[in-house]
Every structure is written in structure tokens, then in C-alpha cells.
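> After the sequence you'll find the predicted model.
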Amino acid sequence: MTRVAVVGGGIAGLATALRLRERLPRATITVYEGSGALGGKLRTGELAGSPVERGAENFLVRDPDGGESAAVALARRVGLAGELVHPAPRPAALAVGGRLRPVPGGTLVGVPGDLEKVAAVARPAAELDRDAGRPLLEPGRDVAVGALVRRRLGDEVVDRLVDPMLGGVYAGRADGLSLAATMPGLAAAARVRHTLTGAVRAAMAAAPRPPGTPVFATVAGGVSRLVEAVAAASGADLRLGLPVRELSPAPPEAGPGPRWRLVLGATRAPEVVTADAVVLAVPATPAARLLAGVPGDAAAPVGALEYASVALVALALPAAELPDLSGLLVPAAEGMLIKAATFFTTKWPHTRRPDGVALVRASVGRYGEEQALQRPDEDLVDQALKELSGLVGPLPAPVESFVQRWGGALPQYAPGHLERVAAARAALPGTIALAGAAYDGVGIPACVRSGETAADVIAATLEQWAA
Ligand SMILES: Cc1cc2nc3c(=O)[nH]c(=O)nc-3n(C[C@H](O)[C@H](O)[C@H](O)COP(=O)(O)OP(=O)(O)OC[C@H]3O[C@@H](n4cnc5c(N)ncnc54)[C@H](O)[C@@H]3O)c2cc1C
């Protein structure tokens, strides 16, 4: 009997388990989850009686190549296609000088392809983006997004547009994030094109979005439904509250290739199990700790990854006069605590309430600014409410609120990230695979795809053994 251990029961681990089930129908698949619940950063909670996300809110509908995203495909495979809902077509706003302006269109995560379109919020230094007769980026090179955009279009475009938009995804700063890892389409175009605006236009043309197609989706009732459905469909043995503490080669049993020994559970009463193959679908810090016991040198490049911590402040506001916006972004230069907010009940029509209570979710915390989160929940709620009132007009006191903290939430892909990941994977034996947000993208579709790819790697190795 083939045994595969999946360490980590977030969406990447669960997508791994489901694909393993499809590829290896007779294998025993066990998911070991350290906490008491599956889902990781996918966790639907409740606020004033309505479901509200405590972590990820929605996922991209399409892949960068224009096809259906891995998250939508996953929802379809587990019977949730009919339960997918899309945001109302409401604009988002950007805070500039304490006032809200519409987020300009025609940009790639804030990097403009047409300078006119961003002129209302930032003045690009157009004269810098001259054709110097060679591509912007040499083959194989990577650069921080901020460095490239500052060099070609000046600081204002970075500080007012790119930084808040990238920060909305990574909670990091454009000056620290890898172009190749966070904007692969633009990186590919920059290796061919001679100007940044030309590269943006080429990248956008390479990934056209049919007019009218929604960008995002979620599951009615909350993303935890996706977690539950994938877990059930995987038929895996789901073991909760069991952090895996050690991973090392086991003394050889019959059959080729190494077997693995895992030590799990409480340190005082550890449980030891073995597996033929292991997928590590945990954040980089626990992954690096476990990889220290695996031959090869994958632990160092994995452990080099840093994380940003964030908190979400959710507010249920009675009879609030909110602007007709899906949400807003706040650039770091505005000096506020909040970096973004979603007007949940405006953005998601299926969550609107007959009593008119508006649900708003603000996010707080940027990479390197962890001290901003070191204050009590009540302070975070008060500050978020004050700052939001300053931007959209006076808001009433919430009838209910919660603060959800995520320590070590979002990986910061520094320049060279993709090479470090490739080096780590190349150092691994075929029976150990890596999946999740630490490697191939932080978005839910990327995490799903990385889990499925990890399962394919393991299945291919085990099938080869069996042949
Ligand atoms: C606040 C927030 C909002 C987000 N919003 C969005 C969004 O709207 N759309 C989007 O696409 N993405 C969003 N993301 C990103 C996305 O949710 C995550 O990148 C993704 O869910 C990560 O999935 P994962 O399975 O790789 O990791 P995780 O969700 O971190 O799961 C890893 C699991 O491993 C477990 N674990 C850790 N160590 C061990 C161990 N030693 N043994 C066993 N188990 C262990 C953890 O308990 C956890 O359950 C958001 C992230 C955050 C933090």
C-alpha cells in the first residue's frame, strides 16, 4: 500500500490531496494539519449574523494565459460551480492627499500602459521611458518592481499606484518585490520591449480579458465551503491538531527509493508515522525546519523567504452612508494605518442585508511595520473607523466588529525568488515536493496549481517505482 503524507491542510495541501486521489486511487493519503481546522488562510467567519471572510475573500476567475483559473476549475470539480458568485461592477478608489480618486484603468497592477489614463492621480516622468535600443531587462535577470518603475516612470507612479496595488496583494512594498515572481507577464514583455509603457501594453495584449467577464469569484456562503468540499472529495485521512515536527529518511523497507519518517503531535507525546512520499504544503519557516532533515540543500533557499504580518478589521455598521465603491486602497505615503478596505455588502450583492447593516473590512499591516499591529483589538477598530470616516465621511459606531490577526501571513518574493525556488526543488528527491504560497504565487489559484503540480511530481515518481 502506497502512503503519501501531505503536511499542511490549507488550500494548497487540500488541492494536493485531491489530485493525489485522482492520480493514485489506491494510495493512502493523509493530510496532517497542525491547527484545529482545515483551510489555513481560507476561513469564513461571522459578523453580526452574516458570513464574512477572516482571510482570503475571493479568487481570480482566469489564469494569466486567459484560461479558467485553477481555483475555478477546482470549485467545478468538487461540485461548487453553481455556487460561484461575482462582485457587483463597482469601482474602487485610491486615497491621494486624503481624498478618494477613482483607481485608473488601463494599468497592470498600477503600472500604466497609457500615461494619460493615470494623470489624475500621478504624474509619470514620461521623459525617462525612452527607447535606448535594447530590452528593459536582460534575459534571466530579475529586478524589484519599484526599482524598474521608478527608473522608467518616476516615483509618483510607484508611490501612488504600484505600491498600494501590489501591497493590496502582498502587504509588501514595490521596492522589495520581484518583478519576475509578482508580475511574470510584465517581466516576459520587459525582456523583449524597450520601453515600460510598451511592455505593459504587450503584457496586457498577451492576456486579453473578454469584455464583461468577471475578474473575481467567491463561493456563496464563504470560501470555507470550498475547503470542506475539496477535503471531502479527496477522500484523504484528515488529521487535525497534529503539527509535523520532524521529517527524515526512514530505515529502508522493501522497495526502491527512500521512505520518510515523520514525527508529529505534541513534543511530550510524539507520534511517529512513515510515508513513501511527502508533500510539504506549509509556509516557508516550518517547511525549512522540516527540510533540514532531508538530504540535499533545499532548507536554505526555502528558509530565506520573509513574511509580512497583517490584520483584518471587520465592522458591521448600522445605516451607514457608504460611497458606491467596492473598496479603496491607501498608499503608504498617506501615513494611515489602514492600507485597504472592502465595502463587503456593496461589493458582494449576495451579502446585502435587509436591515441595511453594512459590512466593511479594512486591512492593516505592511511588511516591516509589524509594530503597527502591536496594539489591542479595540485600538485597531477605533483607528480603522476613524481613518475610514476621514476618507468616506462620518461613519456610525459598529454594532459588532472583529479583528483577525495573521502573523507571518504573506510571503515577500524578493528579486531572485524564482531561482531560489527552482534551486530548492532541484535539490529534492522525487518523493518530496513543495506546494503553497511560499513558492509559485500567493493567490488561491496559484496555490491550488502548485498543490496539483506537487501531486503530479509525486505520482510520477511512485508510478515509476511501480512500473
Ligand atoms: C488576510 C489575507 C487575505 C488574503 N486574501 C486573498 C484573496 O482575496 N485572494 C487570494 O487569491 N489570495 C488571498 N490571500 C492569499 C491566500 O489566501 C494564501 O496565499 C493561501 O490561502 C495560502 O494557502 P496555502 O495552503 O499555501 O497556505 P496556508 O493557508 O498558510 O496553509 C498552510 C497550513 O499548514 C499548517 N501548518 C503549518 N505548519 C505546520 C506543520 N508543521 N505541520 C502541519 N501543519 C502545519 C497551517 O496551520 C495551515 O493550515 C490572502 C491572504 C491573507 C493572509
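Nice, thanks for sending it over.
> okay, now E138: neighbour count?
Neighbours of E138 under the rule other Cβ atoms under 10 Å: 11. Heads up, the C-betas are built off the backbone N, CA and C, glycines and all.
> residues contacting it?
R191 (Cβ atoms under 8 Å, 6 or more residues apart in numbering).
> Start the count at 46 instead of 1 going forward.
New numbering, starting at 46: the last item is E183.
> helix, strand or coil for it?
coil (DSSP: H, G, I helix; E, B strand; the rest coil).
> swap in L367?
coil.
> what does the one 3 residues further on give?
Per three-state DSSP, the local secondary structure of L370 is coil.
> Tell me, how many residues neighbour the residue nearest to it when sequence neighbours are not counted?
Computed as Cβ to Cβ, 6 or more residues apart in numbering, the closest residue to L370 that is not its neighbour in sequence is A138, at 5.3 Å. Close neighbours of A138, defined as other Cβ under 10 Å, add up to 21.
> hang on, isn't L507 packed against V323?
No. At 11.8 Å, L507 does not count as touching V323 under the criterion of Cβ atoms under 8 Å.
> From the ligand, how far off is D174?
Separation of D174 from the ligand (Cβ to the nearest ligand atom, to the nearest Å): 31 Å.
> which bits of the stretch 196-345 of the chain sit near the ligand?
Contact residues (Cβ under 6 Å from any ligand atom) of the stretch 196-345 of the chain with the ligand: 288-289, 326-328, 331.
> and with 8 Å instead?
Neighbours of the ligand within the stretch 196-345 of the chain, by Cβ under 8 Å from any ligand atom: 214, 216, 261, 287-290, 309, 326-328, 331, 334-335.
> returning to that earlier point: more crowded one of L507 and V323?
Per other Cβ under 10 Å, whichever of L507 and V323 has more neighbours is V323, with 28 against 21.
> coming back round to it: inside strands: which ones of the residues of the stretch 196-345 of the chain next to the ligand?
Among those, the ones falling in strands (DSSP state E) are 261, 289-290, 309.
> now, which of those residues sits nearest the ligand?
V289 (4.0 Å; Cβ to the nearest ligand atom).
> can you count the residues close to R168?
The burial count for R168: 15, using other Cβ under 10 Å.
> Now do it against D208, distance only.
R168 sits 16 Å away from D208, taking Cβ to Cβ, to the nearest Å as the criterion.
> repeat for E445
Distance of E445 to D208, computed by Cβ to Cβ: 32 Å.
> So which of these two has more stuff around it?
Shown here are E445 and D208; by other Cβ under 10 Å, D208 has more neighbours (27 against 16).
> where does A512 land on pLDDT?
According to the prediction, A512 has pLDDT 78.
> so how far is the ligand from it?
Distance from A512 to the ligand, by Cβ to the nearest ligand atom: 31 Å.
> Please identify the residues of the stretch 396-512 of the chain in proximity to the ligand?
For the stretch 396-512 of the chain, the residues in contact with the ligand (Cβ under 8 Å from any ligand atom) are 408, 449, 451, 454-456, 480-483, 487-492, 495-496.
> make it 5 Å
The stretch 396-512 of the chain comes close to the ligand at residues 451, 454, 481-482, 487-489, 492, as judged by Cβ under 5 Å from any ligand atom.
> Lowest pLDDT pick from those?
Minimum pLDDT across these falls on A454, with 94.
> What residues does that one make contact with?
86, 216, 352-355, 410.
> helix, strand or coil for it?
strand.
> give me the residue from the stretch 96-245 of the chain nearest the ligand.
Relative to the ligand, the nearest point of the stretch 96-245 of the chain is A101 (3.2 Å; Cβ to the nearest ligand atom).
> in which helix or strand would I find that residue?
Per DSSP states H and E: A101 is located in neither a helix nor a strand.
> Quick check, it in contact with G85.
No. Under the criterion of Cβ under 8 Å, A101 makes no contact with G85, lying 9.1 Å away.
> The two: which has the busier surroundings?
G85 (26 against 20).
> so the residue nearest to the more buried one when sequence neighbours are not counted bridges to which residues?
Nearest non-adjacent residue to G85, counting by Cβ to Cβ, 6+ apart: G55, 2.6 Å away. Counting by DSSP bridges, G55 forms beta bridges with G84.
> What is the neighbour count of G55?
28.
> What pLDDT is listed against it?
Looking at G55, its pLDDT reads 98.
> With the one 4 residues further on instead?
Reading off the confidence values, L59 has pLDDT 98.
> Same question for P301.
In this model, P301 carries a pLDDT of 62.
> residues bridging contact with L507 and V323, i.e. touching both?
By Cβ under 8 Å, 6+ apart, the residues touching both L507 and V323 are 49, 476.
> Quick one: low-confidence residue ranges for this structure.
298-303 (pLDDT under 70).
> okay, now the domains of it?
According to automatic domain parsing, the chain comprises the domains 48-87+267-350+458-511, 89-134+261-265+352-457, 148-251.
> T498 sits in which helix or strand?
Element membership for T498, per DSSP H and E: helix 489-511.
> Tell me the gap between that helix and the middle of its chain.
Remark: helix 489-511 is offset 20 Å from the chain centroid, using Cα atoms, centre = their mean, to the nearest Å.
> Just the CA trace of it, in PDB.
Extracted as PDB, the C-alpha positions of helix 489-511 are listed here (Å, rounded to 0.1, in the frame of the first residue of the first chain):
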ATOM      1  CA  ILE A 489      -5.600  31.000  -4.300                       C
ATOM      2  CA  PRO A 490      -5.400  29.800  -7.900                       C
ATOM      3  CA  ALA A 491      -1.600  29.700  -7.800                       C
ATOM      4  CA  CYS A 492      -1.700  27.800  -4.500                       C
ATOM      5  CA  VAL A 493      -4.100  25.300  -6.000                       C
ATOM      6  CA  ARG A 494      -2.000  24.800  -9.100                       C
ATOM      7  CA  SER A 495       1.200  24.400  -7.000                       C
ATOM      8  CA  GLY A 496      -0.600  21.700  -5.000                       C
ATOM      9  CA  GLU A 497      -1.700  19.900  -8.100                       C
ATOM     10  CA  THR A 498       1.800  20.100  -9.600                       C
ATOM     11  CA  ALA A 499       3.300  18.700  -6.400                       C
ATOM     12  CA  ALA A 500       0.900  15.800  -6.600                       C
ATOM     13  CA  ASP A 501       1.800  15.200 -10.200                       C
ATOM     14  CA  VAL A 502       5.500  15.100  -9.300                       C
ATOM     15  CA  ILE A 503       4.900  12.600  -6.500                       C
ATOM     16  CA  ALA A 504       2.500  10.500  -8.600                       C
ATOM     17  CA  ALA A 505       5.100  10.300 -11.400                       C
ATOM     18  CA  THR A 506       7.800   9.100  -9.100                       C
ATOM     19  CA  LEU A 507       5.600   6.500  -7.400                       C
ATOM     20  CA  GLU A 508       4.200   5.300 -10.800                       C
ATOM     21  CA  GLN A 509       7.800   4.900 -12.000                       C
ATOM     22  CA  TRP A 510       8.600   2.700  -8.900                       C
ATOM     23  CA  ALA A 511       5.600   0.600  -9.600                       C
END
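> Since that was my last question, I'll sign off now.
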